[in-house]
Every structure is written in structure tokens, then in C-alpha cells.
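> Coordinates for the following, if possible.
(chains A and B, ligands or ions: 3)
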Amino acid sequence: MRHIISILMENEAGALSRVAGLFSARGYNIESLTVAPTEDPTVSRMTLVTSGSEEIIEQITKQLNKLVDVVKLLDLTEGPHMEREMMLIKLRATGTGREELKRLVDIFRGRIIEVTASTYTVELTGNSGKLDAFLEAVGELVILEVVRSGVLGIARGEKGLRA
Amino acid sequence: MELTGAQIVVQFLEDEGVDIIFGYPGGAVLHIYDALYTQDAVKHILVRHEQAATHAADAYARSTGKVGVALVTSGPGATNAVTGIATAYLDSIPMVVLTGQVPTHLIGNDAFQEVDTLGITRPCVKHNFLVKDVADLAETLKKAFYLAASGRPGPVVVDIPKDVTAARTEYVFPKSVKMRSYNPVVKGHTGQIKKAVDLMLEAKRPMIYTGGGVVLGGAAEALTELTRELGFPITNTLMGLGGYPATDPQFLGMLGMHGTYEANMAMHHCDVLVAIGARFDDRVTGNIEKFCPTARIIHVDVDPASIAKNVKVDIPIVGQVEPVLRQALRLLRESGGKSDAEALKAWWDQIGEWRSLDCLKYDPASERIKPQLVVDTLYRVTGGDAFVTSDVGQHQMFAAQFYKFDKPRRWINSGGLGTMGFGLPAAMGVQFAHPDATVCCITGEGSIQMNIQELSTCRQYALPLKIINLNNGFLGMVRQWQEFFYQGRYAQSYMESLPDFVKLAESYGHVGMQISRPEDVEPALREAIALKDRLVFMDFLVDPTENVYPMIPAGAGLNEMILV
Ligand SMILES: Cc1cc2nc3c(=O)[nH]c(=O)nc-3n(C[C@H](O)[C@H](O)[C@H](O)COP(=O)(O)OP(=O)(O)OC[C@H]3O[C@@H](n4cnc5c(N)ncnc54)[C@H](O)[C@@H]3O)c2cc1C
Ligand SMILES: Cc1ncc(C[n+]2csc(CCOP(=O)(O)OP(=O)(O)O)c2C)c(N)n1
Ligand SMILES: [Mg+2]
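Ligands and ions are numbered 1, 2, ... in the order given. Predicted coordinates for the structure are as follows:
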């Protein structure tokens, strides 16, 4: 099953490589990984998407918790949560296809953030499934370039992850 | 007091209570060596290879319970230390390794003798640090010692750039340390321990299986009390030997790939398995699908990640073994419950039958010296009271099977990484920790050559080690596998062009002996042990065809041993 794990780490040089190294050394898979500073300058927050059997996910969270730089960890998938991912996508937009693409962007509530004679660059936010669906809808033929941020996640309600 | 970084390192070691370190100098650590020169609180032992410095520090830790310390230079000094760091990592040994690094402004420039020590060691340390500012040095060192020794112990590397050792700052010894991201568990959960006690009392065919955690956690006494009170059979892993007295009738010997028939059979047939400070290594479980098919499992371990890693567990208990076992004893006594005497009697009868197979028997009347005979005799001659280090191979297994350790921290070997070359430097570390003790290194002609240069260190410091070289002329453990599983195609397992070990030992200023007849084994050992102040290298020419039995072949269950 797919799990979204949020991690607060000490803002130390090399903290990211400890996580990445753990995953490669133990053969766990990483679907996406994002890291950025938080409101607290001493920690950075990482959102990691991985998948595996219950046993493997249990080992992953235990091994992550064992890293000395990990302050706190929460498997968001264990409770109600929200996830978002942002995508920037450059599309070939020529001839009659141009109008059609614009309509699709509207339906997915994306924004066209740059227009040239032959391309649109679209910004789209949502859960990963929605982004996948958009890619499918526009079709491979017109896709020139895709950049995705990786998943961000946060628990619903009062529950939170703070150092 | 304002000190240079180098002085801080040395002063810190003294304040931390470190009286001995093992190392080898080089450019990046010259300031530190200079600071060592002007004091005598911290003794520095000059080895002949950085790998030996780490093994010696590691074995010092294994035999004392204190943190072992090694000091090496940047680049090749650090890379030479990596095998020793990984060895300590896999066996959870508390060790701090100080590595020199190029000056901070050169880091990342492919400077002379620069390697990314943090990157290279990251997968085989508990944690590592790069100290970029002398103001952080003392606190970082304190954290390193704290991390190494607490929770599940392990090696910690502190990488110190040369300019940091030259810079000056005010030094105060940090008395305590707090890390919000690191809070190892000590006491176990009372409810879980209660459940465990209840389950133990219900058991009809109980088995206790303990490992290195009992030795590391100083829990041998508590374990012995609990085991005796319950009357259960007990087995130890290779790392756990000495955690329970081997001469006690409740002890079934080591389990696992080269464990005893009775220990492995009891594991396979037990209904309640009590695993304590052991990590269900694949050398112990054999085929995991066939492991303990009828058992409910209790597992005590300080590292939550050890629990349910390989085997599903019914009652997990996270905590230090010592307080957990003490609490279990208390709860057991309070409950007034007793083990099921009738069921236990039947179980011990069954175990007696397995024991009567005498699975470790060998031919003592053989014309060639049997390696087992040498260890057996050493055990008798030393009254079972020596420190024994070993290398890796058949000789290691014979040592584990035939030297009966009644006390913890007496058996020092590399189990997890299986590092050939460990034995001799490890024996040095043990002898420095216990100057008056008899320290024996059981080795093979292959392993000993991996750190043979340390005979020079032994000479310099007059270490009276007893080296027992079980010389079978083969990389015996490799040869055994080739005999069993590769139809006797002995690819590269024959050790040719061996040195004359007697002359070699003599050239280093030691005593050398060669023993080729079984009747000379005991007199030679007695003579060697009696030479209290000399290192004696005993080259035993042993039967090259001997194999280690029992053996569980790959893919088999614990009840599927090859016996002879
Ligand atoms: C040639 C060769 C053959 C081998 N054959 C065998 C064999 O036949 N049988 C065998 O048993 N091994 C054998 N081994 C060794 C094997 O590879 C493992 O090293 C060994 O089985 C691991 O022992 P352990 O489970 O006691 O774990 P250790 O590596 O000693 O780990 C200790 C465990 O205890 C925990 N712990 C540490 N401190 C504490 C504490 N204070 N409180 C609570 N928990 C704590 C740790 O978290 C860890 O889980 C062999 C090795 C070699 C090289
Ligand atoms: C550094 C290292 N290289 C290779 C091995 C693989 N290996 C395990 S046992 C062994 C043979 C050891 O030979 P020897 O020291 O003569 O001991 P014996 O088995 O003959 O008693 C080898 C090569 C190892 N464990 N360590
Ligand atoms: Mg050999």
C-alpha cells in the first residue's frame, strides 16, 4: 500500500542523505521525496511517499525513527489527511488543439501561466491521482515537459507534527 | 580555559574518563598528536595499520563495557578504519572513531588525502559528525560518546578538519547532553512484561534464546537468576556466549548454523520462545519459513527495529534487557506462579534424548591433531577463565563450540560482519584492558595473515598474548562449503606459500612453537600459558580435512542438520 510519511529532521548538513541512504541501503522504494524549511528554523520537513507491505512500512518507520537526526515522524496515511502535489507542464498547443487544451485546463482547474505561439505552460495542483488524470487526458502527443513537486501532506484537524 | 581544538580533544578524552586510545598519526591529525605528546593521562597505542586500531578499540569495549576509542588521519587513515567501523556496527559495539580531515576551506576540492569520510562511513555507523567550528567540538564529542554507549550501542565517527584542531576557544567539559531527537528506551512496558511472564508460566515446551544484547546490557546475572527460577532450557547465539554459564546443566550450547543438535531441535519444537537481546539473524533462524513453527514468541530488545524485522512476534518488549529481566523476576515472584513441572519434566526428557546424540563428538585418538582437541585442551589448561578472541572461519566455530564461557565479555569475536583479521588486534585491545589476564587468540593461517603486522605492536608494548593458530593449510570454512556444495572443486581455498610461523614470530621478538602431534598439544599449551610475560605463537598443524558439525545447509530448517 502507498504511504505518505512526514518527517521533521534536525536542520543539519547531510540529514537528507541519511534518509536517502537508508532507502537505498535497505532496498525500500521511494516514489517521491520533498524537503523544505519550516516556520521553525531548526528543523526541516520532509514528505516521503513509499509503498510496501505492512511489515515493510513498519520497518521503514522504525528505521527512520532510529536516525539520530529525525525529531518526529508521522505516517499520514494512518489517519485523515490531505495531500497536494504541484505540476508544471509544457504542452504543444497549435491549431485547433489550442482551444481544446484550454478547456481541459479549466476543467481540471489549472492555470495557464505562459503562452507562446506554439505552447502553453500549465500549473496544476491537486492530489497525485488528479495530476495523473490530467496527463492522461491531454495525451502523450502534446506533452513537451513535466515537472512535479512531489507530494506534500498534512493531517486533518487538530493533529499536527511539530518539533 | 582557552584551548586549541587539538588540546580540547585530548582534554575532553581525559575528562570523559578515557585512559587509552588506539591510533596512527598523519598530516591531518598532527596537532592532536602534538597535544597527546605533552600529557600522560590518555595513553596512545601505536598500531601498525588503522584497521587494527579500530579492532583493538572495539575489543577493548567488548571486554570492558566502556567506549573504545580510535584516532586516525584523513584519507587512507579513515578508509583503512572502515572495516573496523563496520565490524563494530554489525555487532553493536560502543566505539568512537576520531578521523582527521583536510582543513575546512579545502573540503570538496579533492585536496591531498581528502575523502568524504562522512559519506563513506554513513551506512556503517550509528551516527557521524563533521565538526566545522571549534566552538562545537566539545559538545559534539560528548554527543558522540553518549550515542555510542546508550540505547543500542554502536560506533560513532567524529571527523575533525585540521584547521579546527588549530583554532582556539574556551573549553568547558560538557557534563551532560540532551538531544531532542534521540531518546532511547530503558524500562520495558509493565503490561507487556506481565503478559510475557504469564505466557512463560503457561509453557509446556519453553525455550530461552539470548544474544549479544545480554552481554552488552550487563544482564548476565539477571538472566541466570530468571532462567534458573523458571527451570527452562536456554541457548545462546554466537554473540551471546557467556551471557549464561556454559557449564550449567540448563545450557544447551549455541544454536544456529553450527549450533548443537539439542539447541536447534529444542528451538524447532518449543511452544514458547523467549528471545532476549538477539536479532533473529539468518545464521540462527535457517529458513525463516520453517522457523519455530509451533512457538509463540516473546522478544525483548532495546531497538524497536530489531523486533518483528525477520520474525513475527507475539509479545514485543522494547527496553534494556537488565531492567526488563529484573522486572520480570519481580512479577514472577509476586505472582507466586510456578512453571508447569510435569510438562517441563517431559520436555527435559526429550532434550536429554537429543543431547545423548553427543553432536560435537570428534576423534580424540586421531593421528592428526583435531582442531577441536586443541580448543578442548585450551579450555582445560586455562581453567575456562581466559579471554578468547577469534578470527573468522572453522577455528572460530570450534572455539565457540568447545570453549565453555561461564562469564560474559570473555568471548570476543566478529559475528555480524565476520571479519578475518579481527582476532589479533582484538586480543591486543583485551590485553590492554586486562593486563594480568590470560588472553588467547584462536585463529587460522588465513585470518592471522590479514593483520599479522600487529605482532610488531605486541612487541613494542610487551603484550603476552597466546596465539593459537589452527593451521589446516586451507581457508577451511570456504573449503568446507566447496566440499559440501561444489562437489569438492576447491577454487582458491588452498593456502600456499605459508610463512614459517615460528621464525616469523621469532623475528618479531616473540616465542614461536610448532606442534604437529596430538600428544604434544597439552604440554605445549601448558608451557605457553606458563610463559606469563611473552607472546607465544603456537602453530598447530591440524587435520586439514576436518569440518564443522553440525551444519544447517542454506534453505533448511533448524531440524534439518547435517550431523557428520
Ligand atoms: C562463520 C560464521 C558462522 C556463524 N555461525 C553462527 C551460528 O551457528 N550461530 C549463531 O548464533 N551465530 C552465528 N554467526 C553469527 C551471526 O552472523 C550473527 O552475528 C549472530 O547470530 C547475531 O547474534 P545476536 O542475535 O545475539 O545479535 P547481536 O548482533 O549481538 O545483536 C544484539 C541484539 O540485542 C539488542 N541489544 C543490544 N543491547 C541491548 C540491551 N542493552 N538491551 C536490550 N537489547 C539490546 C540489539 O538491538 C540487537 O538486536 C556466525 C558468524 C560467522 C562469521
Ligand atoms: C576479510 C574477509 N575476507 C573473506 C572472508 C570469507 N571467509 C570466511 S572464513 C574464510 C576462511 C578462513 O580461513 P582461516 O583463517 O585459515 O580459517 P579456517 O576456516 O581454516 O579455520 C574466508 C576466506 C571473510 N570472512 N573475511
Ligand atoms: Mg585455515
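> And A:S118, its phi and psi?
Phi and psi for A:S118, reported as degrees, to the nearest 10, are phi -120, psi 0.
> from what I can see it touches A:K90, true?
No. A:S118 is beyond contact range of A:K90, at 10.4 Å (criterion: CB atoms under 8 Å). From N, CA and C alone the C-beta is placed, and that goes for glycine too.
> out of these two, which sits in the more crowded spot?
A:K90 (17 against 12; other CB atoms under 10 Å in any protein chain shown).
> quick one, what contacts that one?
A:K90 makes contact with A:T119, A:Y120, A:T121, A:V122, A:I143, A:L144, A:E145, A:V146, according to CB atoms under 8 Å, 6 or more residues apart in numbering or on different chains.
> Could you do B:R534 as well?
By CB under 8 Å, 6+ apart, the neighbours of B:R534 are B:P464, B:H510, B:V511.
> Verify the contact between the last one and B:D533 for me.
This means B:V511. No. Using CB under 8 Å, B:V511 is not in contact with B:D533, being 10.4 Å away.
> who has more neighbours, these two?
A count of neighbours by other CB under 10 Å puts B:V511 above the other of B:V511 and B:D533, at 17 against 7.
> For the residue sitting nearest the centre point of chain B, which non-adjacent residue is spatially closest?
For chain B, B:N413 is the residue whose C-alpha lies nearest the centre (CA atoms, centre = their mean; 4.2 Å). Computed as CB to CB, 6 or more residues apart in numbering or on different chains, the closest residue to B:N413 that is not its neighbour in sequence is B:S390, at 4.5 Å.
> got a pLDDT number for the closest residue to B:L360 other than its chain neighbours?
For B:L360, the nearest residue in space outside its immediate sequence neighbours is B:Q401; the separation is 5.6 Å by CB to CB, 6+ apart. For B:Q401, the pLDDT comes out at 98.
> Which strands or helices does the host helix or strand of B:Q401 pack on?
Using DSSP states H and E, B:Q401 sits in helix B:394-402. Judged by 3 or more CB pairs under 8 Å, 6 or more residues apart in numbering or on different chains; DSSP states H and E, helix B:394-402 is in contact with strand B:251-254, helix B:371-381, strand B:387-390, strand B:439-443, strand B:466-471, helix B:476-485.
> could the ones you listed be laid out in CSV, adding mean neighbour count and distance to A:E83?
Compiled in CSV, these are given as follows (neighbours: other CB atoms under 10 Å in any protein chain shown; distance: least, CB to CB, whole Å):
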stretch, mean neighbour count, distance to A:E83
strand B:251-254, 23, 50
helix B:371-381, 23, 61
strand B:387-390, 29, 53
strand B:439-443, 30, 57
strand B:466-471, 28, 61
helix B:476-485, 19, 50
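> need the contact list for the residue of chain B found nearest ligand 3.
At 3.5 Å from ligand 3, B:G444 is the closest residue in chain B, using CB to the ion. The neighbourhood of B:G444, defined by CB under 8 Å, 6+ apart, consists of B:D391, B:G393, B:Q394, B:H395, B:N469, B:L470, B:N471, B:N472, B:L475, B:G476.
> Could you verify my assumption that the last one touches B:G393?
Pointing back at B:G476 there. Yes. B:G476 is within contact range of B:G393, at 5.5 Å (criterion: CB under 8 Å).
> where's B:I276 relative to B:V9, distance?
Per CB to CB, to the nearest Å, B:I276 is found 38 Å from B:V9.
> quick one, which of these two is more surrounded?
B:I276 (30 against 27).
> Which strand residues bridge that one?
B:T210, B:V300 (DSSP bridges).
> OK, contacts around residue 11?
Looking at chain A here, since you left the chain open. A:N11 neighbours (CB under 8 Å, 6+ apart): A:P37, A:P41, A:T42, A:V43, A:S44.
> You answered for a different chain; I wanted chain B.
With CB under 8 Å, 6+ apart, B:Q11 has these contacts: B:L3, B:Y171, B:F173.
> In ChimeraX, how would I select the buried members of the residues you listed?
A single ChimeraX command selects the buried members of those (16 or more other CB atoms under 10 Å in any protein chain shown):
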select /B:3,171
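> Can you pull out the residues in contact with stretch B:412-423?
B:51, B:55, B:59, B:62-63, B:83-84, B:86-87, B:89-91, B:212, B:237-239, B:281, B:387-393, B:396, B:399-400, B:426-427, B:430, B:441-443, B:446-448, B:450-451.
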